[in-house]
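Chemist: One predicted model, sequence on top.
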Amino acid sequence: MLNTLRTHIEKLVPLTDEEFALVSSYFTAKKYKKHQFLIQEGEDVHYNYFVVKGLLKLVYTDESLKEYIVGFAMEDWWESDFQAFYTKTKATMSLECVEDTEVLCLQLDDYKKLCAALPKIEHFFLEKAYFGFIAAQQRIISTMTSSIKERYNQLLEKHPSLIQRVPKSLLAAYLGVSRETLSRLSS
């Protein structure tokens, strides 16, 4: 698991063996089964999760109990209810396994200590945050300006393996359409 994390980090910043030993000392490895929750709405959020293996979905549930899939996270992705994690408030979203999943977990206090001890890791997380903001802005713009068919094709182009791994009902919820509409689009 830790080798996967090192490879991931070193796509942006090089690390010596000593630096990586420090980095890895702040992470905890956990395994979850399909349908198991890492975060549930209303609970404290203890970790930012790096996905080593598996697939997660981040879900917001409104007052009428309608579920909205905010995002998916597969190998080499980070996920959490970031607002709750960084502000130490209760979760407004749930994070659930779509597949059996292995993650590396980083607590907020450990994140801060690690960034203070190793500025290149702070740079790494800043770069990851930039990429996350860019992706979020692109998704918002796409939702406002693109047809359902165009959004489906964008998802297919950006993340073809996700289409193969996620049930159509979840893809439909992510795109904001019915399963029947998605079936027509993908046929």
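Modeler: Alright, I've got the coordinates.
Chemist: and the longest helix for this protein?
Modeler: For the chain, the helix with the greatest residue count under DSSP state H is helix 119-145.
Chemist: need the next SSE after that helix, C-terminal direction.
Modeler: The helix or strand immediately downstream of helix 119-145 is helix 148-158, counting by DSSP states H and E.
Chemist: Could you find the closest non-adjacent residue to the spatially most central residue of the chain?
Modeler: By Cα atoms, centre = their mean, the chain has its centre lying nearest to E79, at 3.0 Å. Distances taken as Cβ to Cβ, 6 or more residues apart in numbering put A73 closest to E79, at 3.6 Å, once the chain neighbours are dropped. (Glycine included, C-beta is placed from N, CA and C.)
Chemist: host element of the one you found?
Modeler: Element membership for A73 (DSSP H and E) is strand 67-74.
Chemist: Quick check: mean pLDDT of whatever helix or strand comes next after that strand?
Modeler: Next helix or strand after strand 67-74 toward the C-terminus (DSSP H and E): strand 78-79. Computed over strand 78-79, the mean pLDDT rounds to 96.
Chemist: From the contact counts, what lies against strand 78-79?
Modeler: Judged by 3 or more Cβ pairs under 8 Å, 6 or more residues apart in numbering; DSSP states H and E, the packing partners of strand 78-79 are strand 48-53.
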